[in-house]
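1. Show me how the following folds:
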Amino acid sequence: MVKETSLNKSMNSAQKHYSSMFFLPSYKKSLLAIAIICILGVSTCSFALFPSVNSFLLGITLFALTITADFVTSELVLKSDPLFIPRRILAMSFYGWLLWLGFLALGAVLGYVFGALLLVKLSLLGFAAVVTLRIIVFAAVSYATKGKQIVAMLLQPGACSLTFLVFWQTLFPAITLQIALFLLFAPIFAYAAMAIFLSSIDRLGKTAYSLPGLRLFRAFMLNWVTDANEPLEKELEEMGENADIEVKLLKFDATKPKTAIIVPQVHPGPFKNIGSSLLPSLLKKSYDSSYNCSSCVPLGILGHELDLASQPQNNRIVAQVLAHAKVEAQDTLASPMVRAIVGSALACCQIFGDTAFLSFSLAPQTTEDLPQELGRIVTEKARKLGLKNALVVNTHNCINNVVDTELHLDELERVATLSLQKAVDLPKKSFKSGSATVYPAEFNLKAGMGTGGITAVVVEVENQKIAYIVIDGNNMIPHLREKILNALTELEFDAAEVFTTDSHAVSALVTGRRGYHPVGEVMDHATLIHYVGEAAKEAEANLETCKAQHIEFIVPQVRVIGEERLKSVTTLVDKGLQKAKRIIFPIFGAEGVLLILLLLVF
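-> As a prediction, the model looks like this:
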């Protein structure tokens, strides 16, 4: 049975929209396109009915006015608005001119049959369409004052429409007043339609989810376009709740720190650079820098119920980890690593001192988020077997469809008990440990590789050499784990397991069903496996006799989003866009009818 949880479904829907809103051309491409549209397109449409050199002067003037108006808008009117840099202002004018040219071309064609005045009327409708587009965009996402927004909405199309008015006045002097009245009323109609449209979206958020719809939308847009996370995180902080966050780590020390396996009970989401999405790489880089070693941050046993709300909350977790890790390691003995399989469930377990390090996988079936209760059950089982602590992690190393983990909970509990018992029964010996990290230059966030790279922690107990591979990414494609394990066997490692951090820093960056690429989906497998082998061999090369230490502490009153609130936010994004699609044509269609009726009076 395959089932997608309601939260995962809403998250995927939101990320899909979030990562594929629209294409934005470069500044040079927009500039060239506007020049072609104005100087060639508009001039040709005008020349077709009014063959005169003035038609080409019209196109040149419109191009010059557009560039000037956009410069004034970006450098003076909206200089303090981070969204509207020159490239985006010019791109908006490019899309506006594409729209306007469509009306002009239709007017030129129909003008042959119904008279040249039709070109004027369709051009006026094109002006209204462009103004409507700009009003929607600026009102929805700009952080500028209302006055500056209005100037930005009207400056470029207004300057160009006045140029058209001067041109037409020489041809149709009798209707100059009517044209001027249309140019006056069209923005008023458009602004009224926009107000109805946006208030409907805002009302959906407030009535259905008790959320500020428009504020959230602006914050989402600002983050999507500029990567600025503070406005959205401010909203998440306000709607979040406090929680006590448990953090566990297993550190290995020789004459100096060798490595640490750090597991905060925090989900690394919700997406991109928002909340705790970056926490795995932040924790790793901070620990590595402070203790001059290579650490790793695999995923704990939990889901989206504990996403942090902001970067300050991340920093609190990082600071506490660095402070508590100063404890000197004491445990000198470790067991070999054992595997156990029950049905679809696989567990790997190794004991360091009085601490069990246990990981779960359902590979080659989907291994996604696991319920917190499972971690608590395993910890209790470990204590019943005489152990004091258990560090339980989710390998998160295979995704195809999202499997209903409820079907496998019994198997996971049984395999945990079996692996713990097998590990406890084995004699413990002194052990060595080494670690290394590689950062593949070929793989970036869009390819599914987080900035934490690939970390290998190698442990050697008597004659067994184990490689724990942690990749900073959000899950893996099916069977890639098995390829990596086979490659490690060829490198003479006796046992191994592969983990991903579940970093959501790679999410909401690409189009597609998920809004992100799992590890291996768009990566060259041979190159990836080469880097895994490189990290493992480097970690093996620096093996030293080590001591281990389990550290556990609570970070109190950390601001988290919470599963229900996160579900509301992501559902609002999806439902808001769905509602926008339903109401946009009736609202702006009504505006269009009113404008056409206004044109019919002359």
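2. what bits of the stretch 351-500 of the chain have low per-residue confidence?
-> In the predicted model of the stretch 351-500 of the chain, residues 402-404 satisfy pLDDT under 70.
3. change it to 90
-> 368, 400-408 (pLDDT under 90).
4. Run through the helices of it in chain order.
-> 372-384, 409-425, 480-490 (DSSP state H, counting those that start in this stretch).
5. between those, which one is nearest to residue 310?
-> Nearest to residue 310 among the helices of the stretch 351-500 of the chain is helix 372-384 (22.2 Å), distances taken as Cβ to Cβ. Yep, even glycine has a C-beta here, placed from its N, CA and C like the rest.
6. what comes up buried for stretch 180-189?
-> Residues of stretch 180-189 classed as buried by neighbour count (16 or more other Cβ atoms under 10 Å): 182, 183, 186, 187, 189.
7. now, the most widely separated pair of these?
-> 183 and 189 (11.6 Å).
8. hmm, back to that, could I get the helices of the stretch 351-500 of the chain as CSV with distance to residue 164 and mean neighbour count?
-> Shown next, in CSV, are the helices of the stretch 351-500 of the chain (distance: least, Cβ to Cβ, whole Å; neighbours: other Cβ atoms under 10 Å):
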stretch, distance to residue 164, mean neighbour count
helix 372-384, 65, 18
helix 409-425, 69, 19
helix 480-490, 59, 19
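9. In a markdown table: those, plus distance to residue 216.
-> Shown next, in a markdown table, are the helices of the stretch 351-500 of the chain (distance: least, Cβ to Cβ, whole Å):
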| stretch | distance to residue 216 |
| --- | --- |
| helix 372-384 | 28 |
| helix 409-425 | 35 |
| helix 480-490 | 36 |
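10. Select, out of those helices, the one closest to residue 574.
-> Nearest to residue 574, of all the helices of the stretch 351-500 of the chain, is helix 372-384, at 26.1 Å by Cβ to Cβ.
11. Quick one: list the elements packing against that closest one.
-> Applying 3 or more Cβ pairs under 8 Å, 6 or more residues apart in numbering; DSSP states H and E, one finds that helix 372-384 contacts strand 355-361, strand 389-394, helix 409-425.
12. would JSON lines of those with distance to residue 177 be doable?
-> Formatted as JSON lines, these follow (distance: least, Cβ to Cβ, whole Å):
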{"stretch": "strand 355-361", "distance to residue 177": "76"}
{"stretch": "strand 389-394", "distance to residue 177": "72"}
{"stretch": "helix 409-425", "distance to residue 177": "77"}
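13. Quick one: closest of these to residue 193.
-> Closest among the helices and strands packed on helix 372-384, once you apply Cβ to Cβ, is strand 389-394, at 49.2 Å.
14. residues making contact with the closest one?
-> 248-250, 261, 263, 298-301, 354-360, 367, 369-370, 374-375, 378-379, 381-383, 416, 499, 502, 550, 552 (Cβ atoms under 8 Å, 6 or more residues apart in numbering).
15. Next, the angle helix 372-384 makes with that strand.
-> 150 degrees (axes from the mean of the first three to the mean of the last three Cα atoms, to 10 degrees).
16. can I get the CA coordinates of strand 389-394 in PDB?
-> Extracted in PDB, the C-alpha atoms of strand 389-394 (Å, rounded to 0.1, in the frame of the first residue of the first chain):
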ATOM      1  CA  ASN A 389      21.800   5.300  25.900                       C
ATOM      2  CA  ALA A 390      20.600   4.800  22.400                       C
ATOM      3  CA  LEU A 391      21.400   7.100  19.400                       C
ATOM      4  CA  VAL A 392      18.700   6.100  16.900                       C
ATOM      5  CA  VAL A 393      18.800   7.500  13.300                       C
ATOM      6  CA  ASN A 394      16.900   7.200  10.100                       C
END
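17. In this model residue 544 seems to touch residue 255, though I could be wrong.
-> Yes. Proximity of residue 255 to residue 544 meets the contact threshold set by Cβ atoms under 8 Å, at 7.3 Å.
18. These two: which is more packed in?
-> Ranked by neighbour count (other Cβ atoms under 10 Å), residue 255 and residue 544 place residue 544 first, with 14 against 8.
19. who's in contact with the more buried one?
-> Contacts of residue 544 (Cβ under 8 Å, 6+ apart): 254, 255, 258, 432, 433, 434.
20. again, 6 Å this time
-> 254, 432 (Cβ atoms under 6 Å, 6 or more residues apart in numbering).
21. how far away is it from residue 354?
-> Separation of residue 544 from residue 354 (Cβ to Cβ, to the nearest Å): 22 Å.
22. Also residue 89?
-> Separation of residue 89 from residue 354 (Cβ to Cβ) stands at 63 Å.
23. And those two? Which one has more around it.
-> Between residue 89 and residue 354, residue 89 has the larger neighbour count (other Cβ under 10 Å), namely 25 against 17.
24. Of the contacts of strand 389-394, select the buried ones using a ChimeraX command.
-> Of the contacts of strand 389-394, the buried ones go into a single ChimeraX selection, burial set by 16+ other Cβ under 10 Å:
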select :248,249,250,261,263,298,299,300,301,354,355,356,357,358,359,360,367,369,370,374,375,378,379,381,382,416,499,502,550
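25. Report the buried residues of stretch 74-82.
-> 74, 77, 78, 81.
26. Can I get these in TSV including pLDDT?
-> Below are those laid out as TSV (pLDDT from 0 to 100):
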residue	pLDDT
74	94
77	96
78	94
81	88
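27. Could you provide those in TSV, with additional columns for secondary structure and distance to residue 46?
-> Output for the buried residues of stretch 74-82, formatted as TSV (DSSP: H, G, I helix; E, B strand; the rest coil; distance: Cβ to Cβ, whole Å):
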residue	secondary structure	distance to residue 46
74	helix	28
77	helix	29
78	coil	31
81	coil	34
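28. So residue 417 is in contact with residue 382, correct?
-> No. Residue 417 lies out of contact with residue 382 (Cβ atoms under 6 Å); the separation is 9.6 Å.
29. Format the buried residues of stretch 180-189 as TSV; extra columns: secondary structure, distance to residue 471 and pLDDT.
-> Output for the buried residues of stretch 180-189, formatted as TSV (DSSP: H, G, I helix; E, B strand; the rest coil; distance: Cβ to Cβ, whole Å; pLDDT from 0 to 100):
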residue	secondary structure	distance to residue 471	pLDDT
182	helix	61	91
183	helix	59	91
186	helix	55	93
187	helix	53	94
189	helix	55	94
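30. so which of those comes closest to residue 85?
-> Among these, and counting by Cβ to Cβ, the member closest to residue 85 is residue 187, at 24.5 Å.
31. From residue 454, how far out is that closest one?
-> Using Cβ to Cβ, residue 187 is found at 55 Å from residue 454.
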